[in-house]
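Student: Task: produce atomic coordinates for the following.
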Amino acid sequence: MRVLVACEFSGVVRQAFSAQGHEVLSCDYEPAADGSPDHYQGDVRDVLGLGWDLMIAHPPCTYLCSSGLHWNHRIPGRAALTALSLDFVRLLMAAPIPRICIENPTGRIGSQIRKADQYIQPYQFGEDASKKTGLWLKALPLLQPTYLVMPRNVGGKSRWANQTDSGQNRLGPSADRWKLRAETYPGIAEAMAAQWGGTVVALPLTNAE
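Tutor: Below you'll find the predicted structure:
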């Protein structure tokens, strides 16, 4: 297949589909973190109409995710940026591509456009991490969990390796924090490639030992 990975600079999803033998292009305003030539640095609108079979899109969540929406009432102009972000998501959903997955955290997409088809967690795909993520799907089956990583128990509450005991994300403030948090977990990317790439049957859900 010809696969477009929109709004990705890390190369994680691109690499997963490429490993399955597909022709893949990632696209973002940031350069490819892995230096791959299979990356278009620029506006995804430039390449949306190039005859793709599948698109996996990760629109920026800064002005869309629930955790930051309280700033819309405090910072002038921020609500307008949320509206522009929603318009961008609508553009991606309407792209002339037969199969589409839009990935984003819980937030405005679900309340202003439509509810997610499913929510997934990295710990369902072999990753010791918690990050609830919505998938908005077009002509794709639900992504099936592959390997369940069990959490540690802190006062009766579940916590994974990317969380403090209180449930906060372990990443401290830094200039590249947004980049690190935006990356797709490899276990999820590999499941997408295996299940939506049409080459490998998904593994059954299995408890980690």
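
Student: so where is the protein shaky, pLDDT-wise?
Tutor: Low-confidence segments of the chain, defined by pLDDT under 70: 63-75, 77-79, 170-182, 199-209.

Student: That one: strands as residue ranges?
Tutor: With strands called from DSSP state E, the chain shows them at 2-6, 23-28, 39-41, 54-57, 99-105, 118-120, 133-138, 152-154, 157-159.

Student: export those strands to JSON lines and tack on mean neighbour count?
Tutor: Yep, even glycine has a C-beta here, placed from its N, CA and C like the rest. Formatted as JSON lines, the strands of the chain follow (neighbours: other Cβ atoms under 10 Å):
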{"stretch": "strand 2-6", "mean neighbour count": "25"}
{"stretch": "strand 23-28", "mean neighbour count": "23"}
{"stretch": "strand 39-41", "mean neighbour count": "17"}
{"stretch": "strand 54-57", "mean neighbour count": "26"}
{"stretch": "strand 99-105", "mean neighbour count": "21"}
{"stretch": "strand 118-120", "mean neighbour count": "16"}
{"stretch": "strand 133-138", "mean neighbour count": "18"}
{"stretch": "strand 152-154", "mean neighbour count": "11"}
{"stretch": "strand 157-159", "mean neighbour count": "14"}
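
Student: okay if I get these as TSV plus distance to Leu92?
Tutor: Compiled in TSV, the strands of the chain are given as follows (distance: least, Cβ to Cβ, whole Å):
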stretch	distance to Leu92
strand 2-6	6
strand 23-28	11
strand 39-41	15
strand 54-57	5
strand 99-105	6
strand 118-120	18
strand 133-138	9
strand 152-154	37
strand 157-159	33
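
Student: Could you check how many residues crowd around Ser130?
Tutor: 18 (other Cβ atoms under 10 Å).

Student: so what's it up against?
Tutor: Residues in contact with Ser130, defined by Cβ atoms under 8 Å, 6 or more residues apart in numbering, are Gln121, Pro122, Tyr123, Pro151, Ser158, Arg159, Trp160, Asn162, Gln163.

Student: Name only those of the residues you listed that count as buried.
Tutor: Neighbour counting with 16 or more other Cβ atoms under 10 Å marks Gln121, Pro122, Tyr123, Pro151, Arg159, Trp160, Asn162, Gln163 as buried within the contacts of Ser130.

Student: ok, those residues vs Val13, which is closest?
Tutor: Taking Cβ to Cβ as the measure, Pro122 is the one of the buried ones among the contacts of Ser130 closest to Val13, at 13.7 Å.

Student: Any idea which of the strands of the chain gets closest to Ile188?
Tutor: Among the strands of the chain, strand 118-120 comes nearest to Ile188, with 6.8 Å by Cβ to Cβ.

Student: Partner strands of that closest one and their direction?
Tutor: Under the criterion DSSP bridges, strand 118-120 sits next to strand 133-138 (antiparallel) in its sheet.

Student: Pull the partner strand out as CSV, backbone CA atoms only.
Tutor: This file holds the C-alpha atoms of strand 133-138, laid out as CSV (Å, rounded to 0.1, in the frame of the first residue of the first chain):
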residue,chain,number,x,y,z
THR,A,133,-5.8,8.1,23.1
GLY,A,134,-8.8,8.3,20.8
LEU,A,135,-8.9,6.9,17.3
TRP,A,136,-11.3,8.3,14.7
LEU,A,137,-11.5,5.7,12.0
LYS,A,138,-12.7,5.6,8.3
